[in-house]
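**Student:** using only what follows, build the 3D model:
(2 chains)
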Amino acid sequence: MKKRDSAKGARYGMVIDLDRCTGCGTCTIACAAENNVSVLYDESDKTRNINWLKIYMLTNGKAFPHTEVVYLPRPCMQCGNPPCVPVCPATATTNDSDDGIVSQIYTRCIGCRYCMAACPYHARDFNWFDPAFPKGMDRYLSPEVSPRMRGVVEKCSFCHHRLMSAKSKAYFEGRRDLREDEYIPACVEACPTQAITFGDLNNPKHRVSELIKNPSAFRLLERLGTEPKVYYLTTKDWMRRMADNYLQGESKKEGNRPEKKNG
Amino acid sequence: MEPDPKQERKGKRDGWIFFFAGLIGALIVGWIIFPLLLYSERSQPLNFSHVKHGPESSVGLDCEECHFFYEDGTFSGIPGLKKCIECHEDPESLYTDSPEEVKLFTNFIEPLKEIPWLVYSRQPDCVYFPHIAHVKMAETECRVCHGDFATNHTLPVFKVNRLTKYSIDIWGRNIAGYRKNTWDRMKMNDCAACHKQQGKEHNNACLVCHK
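**Tutor:** Next comes the predicted model:
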């Protein structure tokens, strides 16, 4: 399999402003509705339910009145160097497309779940059951997204079908390039506080390529070298420290900001 | 008693005859009878003639009249009944004396029922195929994938695999996998081979065609 040159083509990514996120959960609902995520007999069973985009609640652990809470939405990070890809024995997940989105081909997946073990972000879910929807809800299913059968792994695709639809529309107008607003995932569109910005990280005209230069931008578990394409913004230093794991004594560093070079 | 060497040779020869008879029988079953049983034949609800409607006929419709692109870049595919009614509006004044036209009125237009066409090229659910990328941007002719439909007087018989429910046009008519024309088979490897041949190997990334 050829390795992708990340400088070539598009590199779609997301910037999530955690100071704006209220943890309302609209993005997760929009995501599930857009991508035909099936409904479990009991959605409170967190060992079996499926969430492409999960919201974590983080607190600084201090007592009132110093308590601070941050809600952290976590889609698939669409890593530039994804740990899930080399472990897949069926080549069901690859990182070879021109848009930098990590693929997951359900019909190819054999359900071994190595990728789930490899993913440090827990971004992948396993289908323990055949997809089922409450009566009437099946009429809202999207024909753009194929259903997943029991026994395969699924994950966020940055609403890849929206990219394909946007491309088809551009082709009709005789264009090959997409405008910034033509392709955005469902979660980005749904966010009421507009905490999520989406675009091509390689394109200097897109807002995301500016936002990631912000000194308060960081990624989760950056030290693993997975090169995630989902960036977060926050002004809270305790939150930034949580974004990576540190050894004892190492945590004195100010978050995971790059160390200042001497001289 | 010593076995008769002549008798022994005859026995061996008989063994070989039975072996070959069995082998040929098995080959006939596997390569001819089984494929015949595997596919069920269904005929289209209406025998549409492309030749009678097409650009060289007296009607003189362009292909794009029915098979057009919508503004969002999606392909119209097989047109709905509305398109037929645009011309076939009056059951009293038929264009031809063909029984198929009478059938069109009695079975579909009068009860306003969509014609349940059987689609030869229906791909599995997991495949995303944008016609516009192939037809408009890459300037591929329709016949490269679909064959010479435009010169057909009658619609071919629709053969569907009893096990997979896919059309024989997807699986290929030849069980040995031999392919003479580009439109003989529409499997993933055929798409990939064509992409490679056209120098567009980057389009063989999984997510380009899978959804």
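
**Student:** going forward, measure contacts and count neighbours with C-alpha atoms only.
**Tutor:** OK.

**Student:** show me what from chain B comes close to chain A.
**Tutor:** B:69, B:71-74, B:125-126, B:130, B:132-133, B:136-137, B:202-203, B:205-208, B:210-211 (C-alpha under 8 Å from any C-alpha of the partner chain).

**Student:** buried ones from those residues, can you make that a PyMOL selection?
**Tutor:** Under the burial definition 16 or more other C-alpha atoms under 10 Å in any protein chain shown, those of these that qualify are selected in PyMOL by:
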select buried, chain B and resi 69+73+74+126+130+132+133+203+205+206+207+208+210+211
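
**Student:** tell me the contacts of residue 128?
**Tutor:** If you meant another chain, say so; for now it's chain A. By C-alpha atoms under 8 Å, 6 or more residues apart in numbering or on different chains, the contact set of A:Trp128 is A:Arg48, A:Arg150, A:Gly151.

**Student:** my question was about chain B, not that one.
**Tutor:** B:Val208, B:Cys209, B:His210, B:Lys211.

**Student:** any idea which of the residues you listed is the one closest to chain A?
**Tutor:** When the contacts of B:Tyr128 are ranked by distance to chain A (C-alpha to the nearest C-alpha), B:Lys211 comes first, at 5.8 Å.

**Student:** where does A:Arg241 land on pLDDT?
**Tutor:** Confidence at A:Arg241, expressed as pLDDT, is 85.

**Student:** and it, which of the three is it?
**Tutor:** helix (DSSP: H, G, I helix; E, B strand; the rest coil).

**Student:** number of residues surrounding the closest residue to A:Cys84 other than its chain neighbours?
**Tutor:** Nearest in space to A:Cys84, with sequence neighbours left out and distances taken as C-alpha to C-alpha, 6 or more residues apart in numbering or on different chains, is A:Cys115 at 4.3 Å. As a burial measure, A:Cys115 scores 24 neighbours (other C-alpha atoms under 10 Å in any protein chain shown).

**Student:** got the buried residues for stretch B:112-122?
**Tutor:** Buried residues in stretch B:112-122, defined by neighbour count with 16+ other C-alpha under 10 Å: B:Ile115, B:Leu118, B:Tyr120.

**Student:** what's next to it, contact-wise?
**Tutor:** With contacts defined as C-alpha under 8 Å, 6+ apart, stretch B:112-122 is touched by B:44-46, B:80-81, B:107-108, B:146, B:158, B:166-170, B:186.

**Student:** determine which two of those are furthest apart.
**Tutor:** Among the contacts of stretch B:112-122, the pair separated by the greatest distance (C-alpha to C-alpha) is B:Asn107 and B:Met186, at 32.1 Å.

**Student:** so A:Gln194 makes contact with A:Val188?
**Tutor:** Yes - between A:Gln194 and A:Val188 there is a contact at 7.2 Å, judged by C-alpha atoms under 8 Å.

**Student:** quick one: which of those two has more around it?
**Tutor:** Between A:Gln194 and A:Val188, counting by other C-alpha under 10 Å, A:Val188 is the more crowded of the two (22 against 14).

**Student:** before we move on, back to that, so among the contacts of stretch B:112-122, which ones count as buried?
**Tutor:** In those, the ones that pass as buried (16+ other C-alpha under 10 Å) are B:44, B:46, B:81, B:107-108, B:146, B:158, B:166-170, B:186.

**Student:** turn those into JSON lines, including pLDDT and secondary structure.
**Tutor:** Shown next, in JSON lines, are the buried ones among the contacts of stretch B:112-122 (pLDDT from 0 to 100; DSSP: H, G, I helix; E, B strand; the rest coil):
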{"residue": "B:Gln44", "pLDDT": "91", "secondary structure": "coil"}
{"residue": "B:Leu46", "pLDDT": "89", "secondary structure": "coil"}
{"residue": "B:Leu81", "pLDDT": "90", "secondary structure": "helix"}
{"residue": "B:Asn107", "pLDDT": "89", "secondary structure": "helix"}
{"residue": "B:Phe108", "pLDDT": "91", "secondary structure": "helix"}
{"residue": "B:His146", "pLDDT": "90", "secondary structure": "helix"}
{"residue": "B:Phe158", "pLDDT": "91", "secondary structure": "strand"}
{"residue": "B:Tyr166", "pLDDT": "90", "secondary structure": "coil"}
{"residue": "B:Ser167", "pLDDT": "91", "secondary structure": "strand"}
{"residue": "B:Ile168", "pLDDT": "90", "secondary structure": "helix"}
{"residue": "B:Asp169", "pLDDT": "89", "secondary structure": "helix"}
{"residue": "B:Ile170", "pLDDT": "89", "secondary structure": "helix"}
{"residue": "B:Met186", "pLDDT": "90", "secondary structure": "coil"}
